[in-house]
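Q: Predicted model follows, preceded by the sequence.
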Protein chains: 2
Amino acid sequence: MDPVACYCANARRAALALTAAYDEALARHGLKVTQFSLLRAVERHGAPNLTALAGATGLDRSTLGRNLRLLEAQRLVTLSPGDDQRDRVVALSRAGRSRVRAAARTWAGVQEALGRALGEDAERLVAITRRVTALLPVEAA
Amino acid sequence: MDPVACYCANARRAALALTAAYDEALARHGLKVTQFSLLRAVERHGAPNLTALAGATGLDRSTLGRNLRLLEAQRLVTLSPGDDQRDRVVALSRAGRSRVRAAARTWAGVQEALGRALGEDAERLVAITRRVTALLPVEAA
DNA sequence: TGGCGATGCGGGTATATGCCCGCGATGGAT
DNA sequence: ATCCATCGCGGGCATATACCCGCATCGCCA
C-alpha cells in the first residue's frame, strides 16, 4: 500500500492536520495553537530567560523570541529585563492569563473529542511522540 | 508530571525533532526532508497538477507551488503547462531522479536507526499518525 | 455562440521555524 | 583592576506553511 512509511513525513503531516484542527477551534479566541501552547509554557515555567524557555519547549531561541514578540504586541505577555542585563524575563500579563483560561476551555473540548475518536491510540500518540522527542536530541549529542 | 498532554503540541514537537534529525542526515545531498518528501511524492504521483498533488500530500496548494519553485530552481523538477492551459504539470527531472535515489540511501539509514531505537513503537507511530491524518480532514467536513 | 460559474494558479500577507553572525553584558582569571 | 572567554539576545537570511484575492482559462448551458 505504501512503500514510504517515513516516520518524519507521517509525523509532520499528522502535526499539520492537528494544528489546523486546533487552530480552527481556537480562532475565536484570537490564538493559534502554537501561541496557545507558548502561553501555557510561559505560565508553567515563568521563564527566567528566553534560552531556558527555548530548552523547555524544544524551540529555537530566535523562533521563541519572534513568537513572543507577537504575543507581546497583543499585550498577552511582558518581556522585561532581568537582573542580568542580558536576560529578557518573560511573564504572562493579566490579559494573558485570562485569555489562556478562556482558550483552555475550547482546547479541552478538542482534546476530549479527539480522545474519544482515537480511543487508546490517544494515549499512545502522546507516549510515542514524547518518546521520539526525548530520543532524538540524544542522538544528536 | 504533565498536566498538558496536548495531542497537537506533542505531535508538533516530535515532528520538529524528527525533521531536524532527517535534515541533518540529508544535508549532504543538499535537501531538507520536506524537499525529499516532496520529490518522492512527485515521483509517486507524477502529478497532473498542483491541486491534485496538494490533495495527495495534504499541503496547501500555494505552499506546494512555492516549495516546487525552489526545487525547480535546483533543476530537480520541471513545471510545464498541460493541455489545460490552467494546469502546471510537475515531473522529476533526470537530476531529480538521481538526487532522490542518492538521498534515499541516507534516508533509509535514518529510518533503520530509528526503527531499531523505537522497536514496536516505530510501527505504532506510523499507524497512529496516519490514523490522525485520516481522521481530521473528515472532522472538518 | 455567448456568457457565467467553476477551476487552477500566483502573489500578497502573516506566522512558524532554524542557522549564523555580531553586539553587548558578565564573570572569572591574571 | 583588566581583559578575554562565555553567555544571552536580536537581526538577517532561508524555508515551510496557510489564507485570501484576483486573474486567466474552461466548460457547460441557454
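A: Yes, it's here. Keep in mind it's a predicted model, so treat the numbers as computed, not measured.
Q: What parts of chain A come near DNA strand D?
A: Counting by CB under 7 Å from any atom of the strand, chain A comes close to DNA strand D at A:12, A:16, A:20, A:49-51, A:61-62, A:65, A:79, A:84, A:86-88. The way it works is simple: take the backbone N, C-alpha and C, and place the C-beta from them, glycine included.
Q: isn't there a helix covering residue A:91?
A: No - looking at residue A:91 with DSSP: H, G, I helix; E, B strand; the rest coil, it is strand, so not inside a helix.
Q: Help me confirm that it comes into contact with residue A:80.
A: Yes - taking contacts as CB atoms under 8 Å, residue A:91 lies within contact range of residue A:80: 7.4 Å.
Q: Between these two, tell me which one has more neighbours.
A: residue A:91 (14 against 9; other CB atoms under 10 Å in any protein chain shown).
Q: Give me the phi and psi angles of residue A:77.
A: phi -130, psi 160 (degrees, to the nearest 10).
Q: With adjacent residues omitted, what lies nearest to it?
A: Nearest non-adjacent residue to residue A:77, counting by CB to CB, 6 or more residues apart in numbering or on different chains: residue A:71, 4.7 Å away.
Q: Quick check: next helix or strand after the helix or strand containing the one you found?
A: Using DSSP states H and E, residue A:71 falls within helix A:61-73. Following helix A:61-73 in sequence order, the next helix or strand is strand A:77-81 (DSSP H and E).
Q: For the host helix or strand of residue A:100, give me every contacting residue.
A: Here residue A:100, judged by DSSP H and E, is contained in helix A:94-118. Residues from elsewhere that reach helix A:94-118 (CB atoms under 8 Å, 6 or more residues apart in numbering or on different chains): A:21-22, A:25-26, A:28-31, A:33, A:36, A:39-40, A:42-43, A:71, A:75-77, A:92, A:122, A:125, B:6-7, B:128, B:131-132, B:135, B:139.
Q: neighbours of the closest residue to residue A:74 other than its chain neighbours, just the number please.
A: What sits nearest to residue A:74 in space, not counting adjacent residues and going by CB to CB, 6+ apart, is residue A:30, at 7.4 Å. Using other CB under 10 Å, residue A:30 is surrounded by 11 other residues.
Q: Same question for residue A:94.
A: 10.
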